[in-house]
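J.: the sequence isn't on hand, but the structure is:
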C-alpha cells in the first residue's frame, strides 16, 4: 500500500510539503487508513439505512414478511459474489448479443439481396447496388471502429492470448471497445465480405466479462481480485466461441488451445458451464423466434449413420489433411505478406494513412466486383452468402457423377454451383482459389473480423471437391461386399473444413466444433486424422494465424515450443542468460543508484546484499528507485535547500545590514570547501567538473542572469524524467532572488552551493525503508533447461527471472532472451540456430547431470572469516601427538 | 553428478580409503568421467562394428546400396528419438492390447454362457457353473495380482494422478505390474462381474509408455529425460481411455480432467495424436476381424436426427442430471464406506488378511448368486453381460407404452428386460438398485478393475427408466405443432449414462465420451446440461471416486480447491506456514549439523548465510547432510584415527622397547587435556559427560574387555543410521590391539581419546564443498494467498516452499500444511474451519493491499555497519550552515 510516490508529489505538492520529505511512509499508511475508513463509512451508511428501513417496516403490518424479503435481498447480494451467477449472466448476455447480431446480419444480407433482386432490369444499377452496399458498410465499420476504439479492429484473439498471459492491455477491455466491436462486426459481416464472426466474438465475450465484472464489483469485493478476473476471462473466451457456433465443448477446447499455454483444470467447469448455458440460450432464442422447430445443430447434416465411410476412403481423407496443412500455412503466409506489403510500401502507406477509409473501400470494391453474380461471380457461386455456401457444401447428396454435372433437382441454393457451361469441379476450383486470396486480403481490413469462418468455408469447398472427385471415380462406392454404399461428398466437405481451419489456427478442437456444428459425429476418425495431419504440416511450416498477428503487432508474448523440441532439453539457462545484471546493493549510495538508473532501461533492478557477496534479496522496480532518487535530490529538496539557504542569507543580510553579501558567500564557500577553489573569475574551468560529475550532463556555465537560470534548471532536474520548464525555474529563481534582494551574480554561488549539496546528497547511503520491494523474485539455476524455463515462464506469466547460484545473483533471463533462444532454435525459414554453448553438450549426456552447483564460489567469500579452509584428518591426528 | 556418498563408501571401502577422506570431490568427478568414458566406449564399439561391417560390405558387390541402407538405418535411429514415433508405437501396442483383451474377455463370457446353456437340464449344476466360473476367475485374478505385483490392484488412476504430479511411485511402472494388470484385468472382466476396463487401462497405457520409454532409451538419450517422460505419461493416459472406448477426443479430455491439475496445451497434440491412432487401430482390427463392416462407434445408436428432443423435455433431463449428482455422491460414499468397514472390523480383517482370496471369492459368490438368471437374476436382466445391457438400454425404441409393457418384437437381447409378471419399470428399478451396491462392492475387490463402466451402465438404466416413464406419460410426444414426435427413451439413457459417470468421476468430458461411444451428438445440449448439473451436485457433496481412493490410500496428493473458493483469496501463507524452520548455517559446526539432524525428521534443510541474517541460500537434503557428518565422523575417519593412533603407539613401543605404554598414554592425556582430569581409577563419574556430549546417547563405561568393545561400537557409529555389527567392532578392536600388542585396559584410554577426537571433530566448521545443494528452492512471500500458493504448488509439483522476506527465511510451507489449510476451509462434512488469523482480514480489503514488505527487519541487521540511520534533509541543511 506504499502509494506511487511521484503521484503523491504532483497532487499534494504543497499540502504535504513538510511531512513528505520526513516521513512519507507514515503518511502513506495514514492515507491508506483514511481510505479504508472511508470505505467502511460508506458501508456503515448503507447498513444504517437498511436498519432504518427495517424499523420503519416494523411499524407496518406485515413486518415479518418484509424482514424476510430483506434477508433474501441480503442473501442475494452475498450470493452475487459467486461464480455461477456471474457465468449465467455472462452466458445470457452473450447469447443475446450473438443472437441479436446474427439477426442484424441476416437483415443486412437480405437487404442487399432484395436490392440486387429489385434492380434486375438494369445490370449497371444492379452492379452499383451490389458493390456500393458492402463498400458503404465496410467503410462505416472501419470509420466507426477507428473513431470509437481502434483497438476493436481485427480478431482480438491475439490480444486475449496476451492478456491471459498476464500482460495488461487495459484499453482492450473497455466499454468503448465493446461498442465499437459489436457495431463494427455487425456492419462488417452484414456486408457479405468473407469475414468471420468467431475471433471477434472471443474478444466481445471477454469485454463483456470485464464489464460485467466491473459492474458486479459494485456489489461485492470479490470482483476486484485480479486472478479471479483472469479466470473469468478464460471462461469468457469459451463463451465467445460457444455462443457463436452453438458449440459449447468445441468452444471450450478451442479457446483453451488458442488462448492458453497452461490450463488450470479447476477452471474447466467455468468454461463448460458458461458456454453450455450460452449455447443453450442462443439456440432457444432461435426456437422461440420460430426459426427452428427444436434445438439442433447450426449446420445440421444428414449423412447416413450405418455406413458413414469405407476404410479404403481413409487415404483420401489423409490427402485432404495434408493438403489442408499446406493450404493453411499458405494462408497465414499470404495474410502476413499482404500486411507487410501494405506497411512497407511507404508511398501507398502514406496515402492510405491519410485516407483511412480508402483501403477498406478499395478492398471491398475489388472483392465485391469479382463476386458480382452476373459477372465473374457466376463461376464461383458469388450470389451465395457464406452461410448458404456452407449449407450447400455440406449437402449429403452428390452433385456430380461420372465427371458430368448431373441434372438432379437442385433444391435450396445448390443450383448456384451449377453453371450451364462449366461442370461443378471447375466452379469449385475457381471458388476455392478466389476465396482463398479474398479471405486473406479481407482479413487485413481494419474492421472487427476473424478468419475462422472464411477458412472453414474454403476448407469445406476443398473437401467437397475431393469428395466429388471420389464420387466420380468410384460411382458405386468402394465397398466390395455385396452392398453398394455411395460415396458421400458432404462428409469430405466436413473433413476439409475441419482440417483447413485447424491448420490455420493450429488447433485440434476444430474437429469438435465441426461435430457440434453439423450435429453428426460419424466421421470422427477421418476428421481426427485429417486435422492432426493438417496440424502437423502447418505447424512445421508457419506459426498460427494468431501467433502471426502477435508477431506483426509485436505484442509481448512468448512463442510456443515447436513439435520436435528435443534440442530444448539441451539448451540451458546459462547459455542464454544476460550476465551483466543491473543491480543495486543494500548499502549503496545515491550516486550508485543514479548511475544504475542511467546505465540502461531496465524495468526492474535486482537488490543484492553487497557487490561482493551478490546475494539476491529481492527486486525493485525502476519507478521505485526513481522515487527514491527524487525524494533525495528532487525539486522539493532542492527548493527546500535553496529557500533555507536564501533565508539564512537574508537573515545574515538583515543582521549585517545588507553589506558584504557577495564576500560572505564567497568566504563561506572557501572556508567550507577545501577541495574546491572559490571561483574568483567566472572562468568555466574549475566549475565544469563539479557540475558534470553528479549526472554527466552538459551544463552551461552562467555568464549572464539568463544563463544562471539555465544552470539552475539543470540543477533542479536531477534526472531527465523529472523535468521542469524554463519558465518555472526562472520564476522561482526570480522569486527567491527578489525575496533575498540578491544580485544575479549571487546565483552563480548558489549554483555552486547546490552542486556541492548535490554531491553530498549523492554520497549518502540509500534508505530503502518505505520502498516497495518484491521480496521473492523468481529464481532459476544455470542448469535449468530451456524447456523448463519456458514452462515456468508461461506457467507463472513471468517477465524475467534471476539466475542464482546458492543465493548469488549471476544472471538474468527475460522474455526477450527466451524468445530469441526459442526462435533461434525452432525452425524459422528452415534455418536452425542454436546458442553457441549448447552444441558442446551433446544429447548423450543426460539432463540430470549436474544439478549440484559448486559452493566454492560462495566459499571463497567467506575465507576472509577465520575458517580453516580444509580439514584433512591427518591434521587433527597430528595435533593429538 | 556428485554420487551418493554412502554408496561409494560401501562399495569401494578399502580401495579408495586414502583418497576418499582427502578429496572425495575429485574422486567423484573421476568416477563420473570413467563412467562417461565407458559409455562412450560402448558407443564407439558399436560404431566400430558398424564401420567394420561397412568395410565388409564394400568388398561385396552392391556396396552403394548397402551404404544407403546403413544411412537409412542411422536416420531411423536418430529419428527414433522423435515423439511421434514413440506415440505411434504406443498407440499401436495399446490398440493391440485392448483388442486382444476384449477378445479374451468375450471368449471368457461366451464360455460362461455356453456352460450355463449346456446345463439347462439340471438347475443346481447350472447354478454351480454360473457361480463357480466367476469365483475361480476373480480368485485367480486376485491371487495372480497379489503374487506378481500387488500395485496392479484397483483402478490405477489415483496413482497416475499422483505420479503426474511429480511424485515418484516407481513400483507402479514396472513390467511386473504390467503383466499383473493385463492378466488380472482380463480375468476380472471375463468373470462378468460389474467391473470396468477404463481406469486400469489408463494405468496399463502408462505402464506401456514407461516400458516403451525404457526400451527406446537403448537407442537414444532423449528417453532418459524426466520431464519428457512425464509428458509421455500424460499422453499415455489419453491413449488408455481412447483405445478403451474408441473415443480419442473424450479420452484426451477425460484423462486431462482426471489426472492433471494444470495442463500444458503444448502437450495436447501428443494425446490427440496417440489416442486417435490408437482408436483407429483398435477399430480397424474389429473391421479386419469381420466384427464390423466399417469403422463406427462402439455402441452405435440410431436416434432420429431431425427432431432429437423437444425443448419441453429439458426439465426431465435436468432432473436426471440432479438425481445423478446425488447418486454419484452416494456411490462414492458407499464405496468408501465399504472399504473403511472392511478395514475397521479387525476380526474380519485378520481373517481376510490370512486368506487373501476369501474376500474376493465371497463377494463374487454373493453377486453371482444374486444375478443367477433363473433365480433373482430374472428380475434384473441378470443374464445380460455389461455390454449387452448397455446396447439394449441405448435402444432407440420404446419398451413400454401407457405404463404396460407392450408386446412388440424384442429383438436382440431386449427381451431379457421383459418379465412375464413384472413390467419394465420394476425390472429397471431392481436393476438399478442391485447394480448400484454390487458395483460399489465389486470395485473394492483387490483385482485390477475400474468403476467407470458399471456406473455408466447404471446411469443408462436410470436414464432409460426416466425415459420410459416420460414415454408412458406422453404417449404421443410433447410437441404440439401438428407433427407427432414420440419420446425416445434411448436418448434419456444416454443422458443418464453421461450424467452418472460424470458425477462419480467429477468430469464433464463424459459427455464427449458418450458422443463418441454412441456415434451421435444430437443430444448434446441435454447431455451437457445434465452432466454439469450432476457435477455441481456431486462436487459439493463428495470428492470424486479417484480423490476418495487417494485419501483412502493416503497418497501424497494436493486436494483441489472447491467450487466456491472465495475464502481462499483471504487466507495467506503467513497464516499456515511453519515458522520453526530446520536450517543449517553456512558456517555452522558439525555439532550444530548433528543437532539439526537429530531434532526432527525433515527431508530437506534450508541453508542460510548465518543465524543472524537468515538469508536463504539454498536447501540441502537430509541425506547430503548425513553424508557430510559421516564423512567427518564416520567409521572410516574413526578407523583411520584409531589405526594411526595405534601405529604411533606401536612406534613408541618399538622405540621404548614396549615399556611404560600405559603410563605414557595416561600422561599424554593428562598433559594434552587440561579441562579433563585423567581417570586414575575406573570410576564412571568424570567419563560420562565427555562421552555423552557428542551425541546424547547412553554409553556404557567399559569395565571389562567386552564392555570396551561396546563402548568402541558406540563411538564408531556416529549416528543411528551408520550401524556396525558388534562382531565387526570386536574383530576390529581385536585386530588393532593384537597388532599393537596392547592390553584390554588400553582400550579405555583409546575410547577416551576417541571421545576427545570426536569433540574436536564436531567443533570444526562444516565444509559444504562437494555437497549437493539445491541452489534455488522455491520461495513465497508472507502475503501470498492460499489460492496462489495452491496454484504454484500444483503447477510446479512442489513438495515444500520457503517463505522469505527480502532474502530472510521466515518460514516454510509444505504440502501437509497446504492440505490442512485447504481441507480445513473446504466444506468437509459441513464444517468450515478457517485458519485463526484469516478471520482478521475481511473480504473488504483487497488482495493487492500490502505486497510491499518492510525492509527494516533486514535493515536492523545492517545498523552495525557505519550507516547513518536516517537522512533528514534538515540534517544536511544544517551542515551547510
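T.: Right, received. Where do you want to start? The model shown is predicted, which means the values in this text are computed figures rather than measured ones.
J.: and the pLDDT for the closest residue to residue A:419 other than its chain neighbours?
T.: Once flanking residues are discounted, residue A:419 sits nearest to residue A:427: 5.6 Å by CB to CB, 6 or more residues apart in numbering or on different chains. In this view, the C-beta of every residue, glycine as well, is placed from N, C-alpha and C. Looking at residue A:427, its pLDDT reads 86.
J.: ok, residue A:427 touching residue A:417?
T.: Yes - contact criterion CB atoms under 8 Å: residue A:427 and residue A:417 qualify, at 5.5 Å.
J.: compare neighbour counts for those two and give me the winner.
T.: Neighbour count, other CB atoms under 10 Å in any protein chain shown: between residue A:427 and residue A:417, residue A:417 has more, with 26 against 22.
J.: just checking, that one touches residue A:424?
T.: Yes - using CB under 8 Å, residue A:417 is in contact with residue A:424, at 5.8 Å.
J.: give me the common contacts of those two.
T.: Taking CB atoms under 8 Å, 6 or more residues apart in numbering or on different chains as the contact criterion, the common neighbours of residue A:417 and residue A:424 are residue A:399.
J.: follow-up on the earlier one: any figure for the gap between the residue nearest to residue A:419 and residue A:437?
T.: Residue A:427 sits 17 Å away from residue A:437, going by CB to CB, to the nearest Å.
J.: between residue A:427 and residue A:417, which contacts overlap?
T.: residue A:381.
J.: helices along the stretch 551-700 of chain A, start to end?
T.: A:573-576, A:590-599, A:622-633, A:635-656, A:661-672, A:687-695 (DSSP state H, counting those that start in this stretch).
J.: what helices or strands is the shortest one leaning on?
T.: Packing partners of helix A:573-576 (3 or more CB pairs under 8 Å, 6 or more residues apart in numbering or on different chains; DSSP states H and E): helix A:786-796, strand A:808-814, helix A:815-825.
J.: of all these, which one is nearest residue A:544?
T.: Among those, helix A:815-825 comes nearest to residue A:544, with 14.8 Å by CB to CB.
J.: check which helices and strands the closest one sits against.
T.: Counting by 3+ CB pairs under 8 Å, 6+ apart, helix A:815-825 packs on helix A:573-576, helix A:786-796.
J.: closest residue of the stretch 501-650 of chain A to chain B?
T.: Residue of the stretch 501-650 of chain A nearest chain B, by CB to the nearest CB: residue A:617 (3.7 Å).
J.: once you drop chain neighbours, what's closest to that residue?
T.: residue B:807 is the one closest to residue A:617 (CB to CB, 6+ apart), at 3.7 Å.
J.: my read is that that neighbour contacts residue A:619, right?
T.: No - with contacts counted by CB under 8 Å, residue B:807 stays clear of residue A:619, the gap being 11.1 Å.
J.: how far away is residue A:608 from residue A:311?
T.: 67 Å.
J.: more crowded one of the two?
T.: residue A:608 (25 against 18).
J.: isn't that one up against residue A:616?
T.: Yes - with contact defined as CB under 8 Å, residue A:608 counts as touching residue A:616 (5.8 Å).
J.: can you list residues touching both of the two?
T.: Contacts common to residue A:608 and residue A:616, judged by CB under 8 Å, 6+ apart, are residue A:809.
J.: so where do the helices sit in the stretch 201-350 of chain A?
T.: So, for the stretch 201-350 of chain A - with DSSP H, counting those that start in this stretch - the helices run A:226-245, A:248-259, A:268-288, A:314-344, A:346-354.
J.: so which of the ones you listed is nearest chain B?
T.: If we rank the helices of the stretch 201-350 of chain A by CB to the nearest CB, the stretch that ends up nearest is helix A:268-288, at 4.3 Å.
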